[in-house]
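In: below: sequence and its predicted model.
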Amino acid sequence: MANKKSPVHLIGKAHIDPVWLWRWQEGYAEIKATFRSALDRIEEYPDFIFTSACAAYYKWIEENDPDMFADIKKRVAEGRWHITGGMWVQPDCNMPSGESFARHFLYAQRYFEERFGIRAAESYNVDSFGHNGSLPKLLKGAGMDNYVMMRPSKHEKNDNPKNSFWWESNDGSRVLAYQIDNEYGFSSPETEYASFETSRMLSACAKIWLLPKRPASRQCIFTASAITAAARRSKTSSVYINCRK
């Protein structure tokens, strides 16, 4: 029986905590540097598509660097920059009230529509340690049909048996949800080998691009053929790569 070829999906994205263990000014600079990098990669690689969430990031760029913002608008119109999330930032989803969530979606989606002529169709919120059971209803009300998350992970007492599932609120509203399994590269024995092979391959043949004047940051530049080879060696159909600072 001939081996069937499986597609390898590479998703160009950036998850940035604008205020975590640093002051907001550092997060501001990190977002600007990351967006500059994404625009450079779009210019460098004709097939590269970048994905980013959080309306707050775009507003910061709009206020601080109008020329960069104009470049982003151009790439969004071309389909080379994909806006996702539909929220102002990626929030905690345990504590806020329903009204807080509703306004969060309202302000973000309105901003995206006013500035880019589109609304996000997918919500992306990886780092909340819980997700309110009413979120599918709120997501549908904000015009989104899909939800991507990461936490809670297996080691955080998550017993969800599937990564892809229909998530339904008590009113019957439902969205297609996906939980990232290979979170920071080593989430389970099944994915550890794939991550190890990918890391080994990147160390051997990838270029590391250092952001100017920010030696603590880095972005991996790699070839699709090299990633495909790593996926074949690890017997997976996809490889998720997250370059950490």
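Out: On my side now, so go ahead. Numbers count the residues shown, from 1 in each chain.
In: now do the helices in the protein.
Out: 24-44, 55-64, 66-78, 98-116, 135-141, 189-205, 224-234 (DSSP state H).
In: I'd like the distance between Ala142 and Ile72.
Out: Per Cβ to Cβ, to the nearest Å, Ala142 is found 22 Å from Ile72. (Glycine included, C-beta is placed from N, CA and C.)
In: of the two, give the one with the bigger neighbour count.
Out: Set Ala142 next to Ile72 and count neighbours by other Cβ atoms under 10 Å: Ile72 wins out with 24 against 19.
In: where does Ala55 land on pLDDT?
Out: Note on Ala55: pLDDT of 96.
In: about what we covered before: columns distance to Pro152 on top of the helices of the chain, output as CSV?
Out: Converted to CSV, these look like this (distance: least, Cβ to Cβ, whole Å):
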stretch, distance to Pro152
helix 24-44, 24
helix 55-64, 24
helix 66-78, 32
helix 98-116, 19
helix 135-141, 14
helix 189-205, 17
helix 224-234, 25
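In: winner for burial among those?
Out: For the helices of the chain, the largest average neighbour count (mean count of other Cβ atoms under 10 Å) is found in helix 135-141, namely a mean of 20.
In: any weak-confidence spans in this structure?
Out: Scanning the chain with the threshold set as pLDDT under 70 gives 1-3, 157, 182-245.
In: according to the record, where do the domains of it fall?
Out: Residue ranges for each domain of the chain read 12-190, 191-245, as given by automatic domain parsing.
In: ok, Thr34 to Phe116 distance?
Out: According to Cβ to Cβ, Thr34 stands 18 Å off from Phe116.
In: if we can go back for a sec, ok, which of the domains of the chain comes nearest Ser6?
Out: domain 191-245 (4.0 Å; Cβ to Cβ).
In: looking at it, His15 is touching Asn125, isn't it?
Out: No: counting by Cβ atoms under 8 Å, His15 does not reach Asn125; the two are 10.0 Å apart.
In: need the residues touching each of those two.
Out: Gln90 (Cβ atoms under 8 Å, 6 or more residues apart in numbering).
In: more neighbours, those two?
Out: Asn125 (24 against 16).
In: next, count neighbours for the closest residue to that one other than its chain neighbours.
Out: Of all residues not flanking Asn125 in the chain, Gln90 sits nearest, at 4.7 Å (Cβ to Cβ, 6 or more residues apart in numbering). If you count neighbours by other Cβ under 10 Å, Gln90 ends up with 21.
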